[in-house]
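S.K.: sequence and predicted structure below; questions after.
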Amino acid sequence: FTYQDNLERLAEAGAELVPLDPLRDPALPAEATGLVAGGGYPEVHVAALAENRRLLADVARRAPQLAIWAECGGLLWLCRALDGHRMVGLVPAEGRMTPRLTLGYREATLRRPTPLGPPGTVLRGHEFHYSTVEPPGDALLLSGRGGARPEGFGDPGLLATYLHLHLGADPGPAERFVAACCARGRAQR
């Protein structure tokens, strides 16, 4: 799951978008300098995702050379495991499905530098998931009707969170992400 507006904002910011099928593709494209791992329902395909060990290993190996933005299902895919199935292992957490729905609009403040912005950057989006990760991370401070809590994982090359962003009204995060991808590409040369 990725909003079409987000893909359009990334393309407008200069990204060349290349599709990736995490069930079938054995590796990232050789020229990739960024990875957007959108949402979805990884629990439906968790066994097949875990069986694609070549891609999992390639993402883990190449992560230091990439700018990575993962939302919800993408966060779970980047965790060490989901319901006991090995995943990429980039995020130091374990994911598990739950019967409880987490749903709502959120305002998020970045607490550390990520490819989508420096600390203090405010992002807006929503959560919709029947899962949890332990530990939950603390790269963002999410605020909503139920209060505020830390969540997500981030560093200068990574933002992995449950927050789904919609960039239709704010191209800034897409522009910063593409700039981070370009910087990673220059560093590889």
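M.R.: Thanks, I have the structure now.

S.K.: can I get the strand or helix carrying His129 in CSV? Just the C-alpha atoms.
M.R.: Taking DSSP states H and E as the definition, His129 sits inside strand 122-134. Extracted in CSV, the C-alpha atoms of strand 122-134 (Å, rounded to 0.1, in the frame of the first residue of the first chain):
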residue,chain,number,x,y,z
VAL,A,122,6.6,17.5,11.7
LEU,A,123,4.9,14.9,9.6
ARG,A,124,1.2,14.1,9.4
GLY,A,125,-0.4,10.8,8.6
HIS,A,126,-2.4,7.9,9.9
GLU,A,127,-2.0,4.5,11.5
PHE,A,128,-4.1,1.4,10.6
HIS,A,129,-2.6,-1.9,11.8
TYR,A,130,-3.3,-5.1,13.7
SER,A,131,0.2,-5.7,14.8
THR,A,132,2.9,-4.5,17.3
VAL,A,133,6.6,-4.4,17.3
GLU,A,134,8.8,-4.8,20.5
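
S.K.: give me phi/psi at Leu158?
M.R.: phi -150, psi 140 (degrees, to the nearest 10).

S.K.: what's the burial count for it?
M.R.: Using other C-beta atoms under 10 Å, Leu158 has 25 neighbouring residues. C-beta: built from backbone N, CA, C; applies to glycine.
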